[in-house]
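Student: below are the sequence and a predicted model for it; my questions follow.
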Amino acid sequence: MTNNLRFKTSKFIDETYRVSFKFNNKTYFGFKGDTLASALLANGIHLVGRSFKYHRPRGIMTSGSEEPNAIIQLHDNSSRTEPNVRATEVEIYEGLVASSQNCWPSVNFDIGGINNLLSPILPAGFYYKTFMWPASFWEKYEYFIRKSAGLGKSPKVADPDIYEHKYIHCDVLVIGAGISGIMAAKMAAKNGFKTLLVDEKSYLGGSSIYDNSEFSKINNQITSSWLEKEINEISKIENLEIKTRTSVAAFHGYNFLLARENLTDHLPINQRENKVRQRLLKIRAKKVITATGSIERPLIFDNNDRPGILLSSAIKKYIDLYGVACGENNILFTNNDTAYETAMSLIQKGIKINAIIDNREQIDSKISYEVEKNNIKIYKGYTVVDTYGYRRIDKISIMKLSKDGQTVIGDKTKLNCDCLGVSGGWTPAVHLFTQSGGKLKFREEDQVFIPDFYPSDQISIGSCNGDFGLEEIIKNTLSSIKKFLDIDNSEFKTVETISGLNQSKRNIWLLPSDKSIGKTKSFVDYQNDATAKDIKLALREGFRSIEHVKRYTTTGMGTDQGKLGNMHALGIISETAGTKMGEHGTTTFRPPYTPLTFGTIVGRNVGEFFDIFRRTPIHDWHVANNAEFENVGQWKRAWYYPKDNENMYQAVQRESKAARESAGILDASTLGKIDIQGTDASEFLNRVYTNAWSKLAVGKCRYGLMLNEDGMVYDDGVTTRLDENHYIMTTTTGGAANVLGKLEDYLQTEWPELDVYLSSVTDHYATISVCGPNSKKIVSKVIPDLDLSAEKFPHMSFKNAKIDNIKCRVMRISFTGEHSYEINIQANFGKSVWEKCMEAGKDFNITPYGTETMHLLRAEKGFIIVGQDTDATMTPIDLQMDWIVSKKKFDFIGKRSLYRSDTIREDRKQLVGLLTENPDDVLEEGAQIVADVKKTPIEMLGHVTSSYYSPNLKKSIALGVVKGGKNMLGQKLIIPMENKNINVTVADPVFLDKEGERLNAKL
Amino acid sequence: MFLINCPFCGEREQSEFKAGGEAHIVRPKQPTELSDDEWAEYLFMRKNIKGIQFERWNHVHGCRKWFNIVRDTSNDQIKAVYKMGEKPPVKQND
């Protein structure tokens, strides 16, 4: 069989280079230059897959990216395995392995095929209607529905290939290298524009490159010869970059486009090593020329989906480009002249055409007369009403169309064939144009949507603009590109064309049948098995919007996005509803135009580059000392340091005790640090913090609370006055960037008159906090020259100092309630100073502690963590921090909001301490707080925000927010948990050392 | 993705910027003098226009400067870019 399906072609197939590949576990041969589809067809294989819903046998239908049926699994059982690949786009290589999907046990015998017999009870919306009741059964239904859903298999192991992203900037981007794209690229590049020409195919020239017909000539040369010379010429132009195998996936606003460049998919696996497989191109073009061509329309009739039914243009391409006959007994079914071009190609190769069925009564073109001269029977004014053959078409039946095309009349004639080519005319590929925001208009005479309004500096040319005849394409391309690029020289002197086709068409969206519509299966969306009947049903059930009909029937929702059938769906809707085309709108074409791999989307952002993290200068020490890490913002922070198989709880208990009993050390380098300078720095702080700053003496530190304009707590931290006009502000780790942004905002937009400059210096310093009763002894060993006496260096003050001649800033500030010092030193000395502290603290059991212990220690003191104990609905008053809100200041950010009717409500949630009845019960953070569990519905009063077991107090402590909590001191509340209700008492949030004796102890 | 012509750095990708909401809302000079309603007007009320809209943007991953743009929200065309404190070069059409 193989031999008589293969014909000699000129140049696209290398017949000296045989390639073997496997399909469904069987080995076949093709030639270099074949696609998987052309190679299968050359081996007589049409049946390649099963449809999604009814599991109907399906064959190769097209020859390009619009393919709905021939979607296969590439690379069996390997890390590269990829589902839903279009066989029409896969270039074969030695060792290729592919298989059918959505069938079991095999594509020839598929159990799921029973769905086809059940199809009368599987109409549109079947799942929606059937699995609604009883609602509680959904979980059971879902299991089975999910089992039967989906096409293909995703890989189970990591992708071994390399992907990358690349930015491209150009003056002119030309999408599509067909005849108009080639001409446009030449005109742009020759006139000095930096031009990029991309095409999804491996070759240039589009469908004209294999147009060897005597019926379309340019300057008296056969189209393909003329075009070859042009291609040859443009490949030498310096400022023209050409990328083949590059599919534009998305056309966004401002001429920003995404394209996928395939670099190795056509190579044998062993030649792909260390090469980039696919590249995502991020293209910024000053001007875009869209020349994406058009897609042939199928015809909608009963059983129009059998293997062996192809688009007529695909049959032409397989014979002219790949030298493959799709069948030995062909019938063409058309409503326009395109099929006659296919007929001529078949005639030239001596392939048999049994008949041509043409919807039109009258056909008047040179090419049709030529076909008739070859003794081919043309049934004029006829339509196909049914097809036969389960795994491959073997017969069709035809009937005469009535005058209005709405019914069929006369007798039914059966005709034999093994291949049926269909042509319903052409649909401009306006997908990218509409993605960019372009608006379409409907052209009545040939029933097509064409570009109307361009939202950016772009133009559509060629058949994607609705120019279908060769003469029109060339003439309009020349004139519109000249205008678009504002150039005088078109580079083309005279271009004369001859075409044997005319553009007449008899458009009938849904061809009539002798059967009632309910008995037909006329597929509109092949991949999703949506039929004309389904669309009519949706309309009967009241759906009107095209977007609703689409979702209800799943028309156009497959991986092909309905490239073939969407127009018919629109046509059938408007015919049925009695409205004008375009009145219902078109569905939105969403990116990507063809599916993208995840690899392409993520590029190099995988593994450790997936989400970059920031390390403190002391990070390596933490790693070496067994720290577990916690992500805070983008930082990796030491969480706790487990010793001898300790779990987190045990480690935190040990660390917390050590910090209070002797000494603890914390890496606080991640705290945000903003350097503030300028003569108005004090005034600026006055306006951004709730408390007063004017009187803070040089060398002193102060805790500040920052609000949003709505009065809610935004951030907090200690700010130190380094000099008269110089402060350093610390922020929370996660809030640093936002705080800086907010401060800049006010400074630049509200108070530009203030002389203040802000710089982020977070990364410039390492911050080491040493706390505990022995902290003073340790710091005095590390910085012997510094006077640490309480008189010279009291709590909340700062000193400049030196460690080994390196300048550092030391603050006496505390987040633990212990006597503590914070050493800030140039980042690259951070680790050595940390090690110095560890060495100095050896005799005092200095214990490194992480964020978890820090949280526990501050909770014992009732210090809040912004973002944990607050959630953007908490005012300082809610936090019982009235003391920090200045009454005297005229204004600060958020001040006015603190006495809005809402913020002064007594029953707002307020921060309180919680003590459990049983001191061993540790509450869960986030748990609900209620007063009465008997009265339903149970009123939720608040929730637990922080909760720990305190080793220093030997009891469970918690912070929480409770409605009206401020006035509930001593009141009993309940935390209902899954197994029990935990009784708690509302307490003061400061659990330890309320008087501050530890802080101020004379050490 | 927009191309935004930062008045300090020139044309840059939208990903370098952060949108900051409606422009030309002046913070009241004496908030304490305002009634709840007046303060709420400043605090919460923002326009959501189909058409010409005045917006604040920040070149957050660049020069960190705030500036204003005039954008037609119906087609995302940026009509003008101007510095803080400058008068809008385009009139509002509502």
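Tutor: Happy to help now that I have it.
Student: quick one: contacts for the residue of chain B found nearest chain A?
Tutor: Closest to chain A within chain B is residue B:31: 3.7 Å, counting by Cβ to the nearest Cβ. For every residue, glycine as well, the C-beta is placed using N, CA and C. Going by Cβ atoms under 8 Å, 6 or more residues apart in numbering or on different chains, residue B:31 touches A:891, A:895-896, B:39, B:42.
Student: spit out the contact partners of whatever residue of the stretch 801-950 of chain A ends up closest to chain B.
Tutor: Chain B sits closest to residue A:896 of the stretch 801-950 of chain A, with a gap of 3.7 Å, by Cβ to the nearest Cβ. Neighbouring residues of residue A:896 by Cβ under 8 Å, 6+ apart: A:711, B:31-32, B:34, B:39.
Student: about what we covered before: quick check, pLDDT for the residue of chain B closest to chain A.
Tutor: The score at residue B:31 is 94. That number is its pLDDT.
Student: show the backbone phi and psi for the residue of the stretch 801-950 of chain A closest to chain B.
Tutor: phi -60, psi -30 (degrees, to the nearest 10).
Student: near residue A:343, how many other residues are there?
Tutor: Neighbour count of residue A:343, defined by other Cβ atoms under 10 Å in any protein chain shown: 28.
Student: what's the burial count for residue A:842?
Tutor: Residue A:842, neighbours per other Cβ under 10 Å, totals 11.
Student: go on, residue B:22?
Tutor: Residues within reach of residue B:22, counting by other Cβ under 10 Å, total 15.
Student: what about chain B, any weak spots by pLDDT?
Tutor: Filtered on pLDDT under 70, chain B yields the residue ranges B:92-94.
Student: which parts of it sit against chain A?
Tutor: When proximity is defined as Cβ under 8 Å from any Cβ of the partner chain, chain B approaches chain A at B:1-3, B:18, B:20, B:27, B:30-32, B:34, B:36, B:39-40, B:43, B:56, B:58, B:60, B:64-66, B:75-76, B:84-85.
Student: which among those count as buried?
Tutor: Among these, the ones that count as buried by 16 or more other Cβ atoms under 10 Å in any protein chain shown are B:2, B:20, B:31, B:39-40, B:43, B:56, B:58, B:60, B:64-66.
Student: in stretch A:231-248, what counts as buried?
Tutor: Those would be A:231, A:234, A:237, A:239-243, A:245-248, for stretch A:231-248 by 16+ other Cβ under 10 Å.
Student: equivalent analysis for stretch A:280-300, please.
Tutor: Under 16+ other Cβ under 10 Å, the buried positions of stretch A:280-300 are A:280-285, A:287-300.
Student: so in terms of bridging, what pairs with whatever residue of the stretch 101-250 of chain A ends up closest to chain B?
Tutor: Per Cβ to the nearest Cβ, residue A:167 is where the stretch 101-250 of chain A lies closest to chain B, at 9.1 Å. When assigned by DSSP bridges, residue A:167 has beta-bridge partners residue A:282.
Student: any idea how many residues pack against it?
Tutor: That count, for residue A:167 with other Cβ under 10 Å as the rule, works out to 9.
Student: distance of it from residue A:284?
Tutor: 7 Å (Cβ to Cβ, to the nearest Å).
Student: neighbours of residue 24, how many?
Tutor: Reading this off chain A. 19.
Student: that's the other chain; I wanted chain B
Tutor: Other residues within reach of residue B:24, judged by other Cβ under 10 Å, total 11.
Student: next up, the contacts around it.
Tutor: Counting by Cβ under 8 Å, 6+ apart, residue B:24 touches B:54, B:68, B:88.
Student: again, but for residue A:858
Tutor: With Cβ under 8 Å, 6+ apart, residue A:858 has these contacts: A:815-817, A:865.
Student: need the max-distance pair from those.
Tutor: A:817 and A:865 (14.4 Å; Cβ to Cβ).
Student: show the contacting residues for residue 42.
Tutor: All of this refers to chain A. Residue A:42 neighbours (Cβ under 8 Å, 6+ apart): A:2, A:5-6, A:30, A:34, A:322, A:324.
Student: chain B is the one I meant
Tutor: Going by Cβ under 8 Å, 6+ apart, residue B:42 touches B:25, B:27-28, B:31, B:34.
Student: same check on residue A:966?
Tutor: A:880, A:910, A:912.
Student: and of the residues you listed, the nearest to residue A:467?
Tutor: Closest to residue A:467, out of all of the contacts of residue A:966 and judged by Cβ to Cβ, is residue A:910, at 71.7 Å.
Student: tell me what that closest one is bridged to.
Tutor: residue A:962.
Student: that one contacts residue A:964, doesn't it?
Tutor: Yes. The criterion here is Cβ atoms under 8 Å, and residue A:910 meets it with residue A:964 at 6.9 Å.
Student: neighbour-wise, which of these two wins?
Tutor: Regarding residue A:910 and residue A:964, a neighbour count based on other Cβ under 10 Å identifies residue A:910 as having more, with 23 against 16.
Student: what's the pLDDT at that one?
Tutor: Reported pLDDT for residue A:910: 97.
Student: what of the one 10 residues further on?
Tutor: pLDDT recorded at residue A:920 is 96.
Student: how about it: what's its closest non-neighbour residue?
Tutor: Leaving aside its sequence neighbours, residue A:920 sits nearest to residue A:956 (Cβ to Cβ, 6 or more residues apart in numbering or on different chains; 6.6 Å).
Student: circling back to that earlier point, quick check, nearest of the contacts of residue B:42 to residue A:741?
Tutor: For these, the nearest to residue A:741 is residue B:27 (16.7 Å; Cβ to Cβ).
Student: quick check, that closest one in contact with residue A:687.
Tutor: No. Counting by Cβ under 8 Å, residue A:687 is not a contact partner of residue B:27; they are 10.4 Å apart.
Student: what residues does the stretch 351-500 of chain A put near chain B?
Tutor: A:437, A:455.
Student: any weak-confidence spans in the stretch 351-500 of chain A?
Tutor: Judged against pLDDT under 70, the stretch 351-500 of chain A has no low-scoring part.
Student: where does it get nearest to chain B, residue-wise?
Tutor: residue A:455 (5.7 Å).
Student: my guess is that residue contacts residue A:438, does it?
Tutor: Yes. With contacts counted by Cβ under 8 Å, residue A:455 reaches residue A:438, the gap being 5.8 Å.
Student: reformat the buried ones among the residues of chain B next to chain A as JSON lines; add secondary structure.
Tutor: Converted to JSON lines, those look like this (DSSP: H, G, I helix; E, B strand; the rest coil):
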{"residue": "B:2", "secondary structure": "coil"}
{"residue": "B:20", "secondary structure": "strand"}
{"residue": "B:31", "secondary structure": "helix"}
{"residue": "B:39", "secondary structure": "helix"}
{"residue": "B:40", "secondary structure": "helix"}
{"residue": "B:43", "secondary structure": "helix"}
{"residue": "B:56", "secondary structure": "strand"}
{"residue": "B:58", "secondary structure": "strand"}
{"residue": "B:60", "secondary structure": "coil"}
{"residue": "B:64", "secondary structure": "coil"}
{"residue": "B:65", "secondary structure": "coil"}
{"residue": "B:66", "secondary structure": "strand"}
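Student: now residue 14: closest residue in space that isn't a chain neighbour?
Tutor: No chain in the question, so chain A it is. Nearest-residue entry for residue A:14: residue A:32, 4.2 Å, with adjacent residues in sequence omitted and distances by Cβ to Cβ, 6+ apart.
Student: can you look at chain B instead?
Tutor: What sits nearest to residue B:14 in space, not counting adjacent residues and going by Cβ to Cβ, 6+ apart, is residue B:2, at 4.1 Å.
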